[in-house]
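Undergrad: 3D, please:
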Amino acid sequence: MFFLKEKSIPLTTFFNDSFIDIHSHLLPGIDDGAKNIEHTLALISKMRSYGIKNFITTPHVLGDVYPNASDKIKEKLTEVQVALEQSGYNDININAAAEYMMDEKFSELLANDDILTLKDNFILVEMSYFNAPYNLYDILFEIQLKGYKPILAHPERYNFYHKDFQNFYKLKKAGCLFQLNLLSLTEQYGRGVQSTAEKLIKEGLYDFVGTDTHHENHLRLLQKIGTKKNYKKIEYLLKNNSKFLS
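TA: So this is what the prediction gives:
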């Protein structure tokens, strides 16, 4: 029996001029993403060729590992904006928020209202890949009590939830919005993540998408999502990025 490989379509079909990538690590030298300003420009240039021209980049804020203060993030953003202008990338629009690990440091920032939002009151949060915080639902409650709306980055990547899908419904009921990593539609993170992403899409549990770009290999793999089948599955999510976060 022969299986026809699905014909690829250009990523510019996915990413129109109004699309905003709300999850990436493009600020130079402050986390595990872009290493320096040259690396930043190279990543943005490649993403621009895919049609992505609007960014809210999200460096990690993670305890003592990546203790990125809001002022530092803003300074790095200005550096990137100046470099883009000097390089002639006048059609690129980039702002910055953060990807907050829900830990003790985050709770302190939240208490002090020292939070960089994606837009309005939307904030991007994540958990450890090993286990959820013991007080996860208390943190989600506090986020919303402060007037913010939590967007959980890549829920499909939390392997400890894969065997009990009801956890995802519980998170949604607790007010969590979900952001799909586009690379989870490929083999990048393993078959378990890929199948969980597919199920979350089927159940309509996602709200937004992001590339979570760290380096060139991510962008090479991103080309693999370029099929009509994938586009049809996530078209509404691509539109949500533009509709709610522009």
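Undergrad: Can you name the residues bridging to Asp21?
TA: Beta-bridge pairing for Asp21 (DSSP bridges): Phe55.
Undergrad: That one touches Thr211, doesn't it?
TA: Yes: in terms of Cβ atoms under 8 Å, Asp21 counts as a neighbour of Thr211; the distance is 5.2 Å. Backbone N, C-alpha and C define where each C-beta goes, glycine included.
Undergrad: Find residues that contact each of these two.
TA: Common contact partners of Asp21 and Thr211 (Cβ atoms under 8 Å, 6 or more residues apart in numbering): 47, 52.
Undergrad: now the helices: where do they sit in this protein?
TA: Shown for the chain, the helices assigned by DSSP state H span residues 37-49, 70-86, 104-111, 136-145, 166-173, 191-202, 216-222, 228-245.
Undergrad: Tell me who's in contact with Phe130.
TA: Taking Cβ under 8 Å, 6+ apart, we find Phe130 in contact with Phe160.
Undergrad: Report the separation between it and Thr57.
TA: Using Cβ to Cβ, to the nearest Å, one gets 26 Å for the distance from Phe130 to Thr57.
Undergrad: Also Tyr189?
TA: Going from Tyr189 to Thr57 by Cβ to Cβ gives 20 Å.
Undergrad: Of these two, which one has the most company?
TA: Counted by other Cβ atoms under 10 Å, Tyr189 and Thr57 do not tie: Thr57 has more neighbours, with 27 against 19.
Undergrad: list the contacts for that one?
TA: 21, 24-27, 77, 80, 94-97.
Undergrad: How about it: what's its closest non-neighbour residue?
TA: Nearest non-adjacent residue to Thr57, counting by Cβ to Cβ, 6 or more residues apart in numbering: Leu26, 4.3 Å away.
Undergrad: For burial, what's the neighbour tally of the one you found?
TA: Residues near Leu26, counting by other Cβ under 10 Å: 26.
Undergrad: what's the spacing between Gly204 and His162?
TA: Gly204 sits 19 Å away from His162 when distances are taken as Cβ to Cβ.
Undergrad: The two: who's more crowded?
TA: Of the pair Gly204 and His162, His162 is the one with more neighbours under other Cβ under 10 Å, namely 16 against 8.
Undergrad: hang on, that one packs against Ala197?
TA: No: when contacts are counted by Cβ under 8 Å, His162 is not listed as touching Ala197 (10.8 Å).
Undergrad: right, and His218 touches Gln188 too?
TA: Yes: counting by Cβ under 8 Å, His218 sits close enough to Gln188 to count as a contact (7.5 Å).
Undergrad: Output the below-cut-off pLDDT ranges for the chain.
TA: The model of the chain has pLDDT under 70 over residues 1-5.
Undergrad: At the geometric centre of it, which residue sits there?
TA: His23 (2.7 Å; Cα atoms, centre = their mean).
Undergrad: I'd like the distance between that residue and Leu118.
TA: According to Cβ to Cβ, His23 stands 9 Å off from Leu118.
Undergrad: coming back round to it: and the residue nearest to Thr57, what is it in contact with?
TA: By Cβ under 8 Å, 6+ apart, the contact list for Leu26 reads 33-34, 40, 43-44, 55, 57, 80, 94, 213.
Undergrad: likewise Ala42?
TA: Applying Cβ under 8 Å, 6+ apart, the residues near Ala42 are Glu216.
Undergrad: Tell me how many other residues surround Tyr134.
TA: Neighbourhood size, Tyr134 [other Cβ under 10 Å]: 8.
Undergrad: For Pro59, see how far away the spatially closest residue to Thr213 that is not a sequence neighbour is.
TA: Closest residue in space to Thr213, ignoring its immediate chain neighbours: Ser24 at 4.4 Å, by Cβ to Cβ, 6+ apart. Distance of Ser24 to Pro59, computed by Cβ to Cβ: 9 Å.
Undergrad: Fine by me, we can end here.
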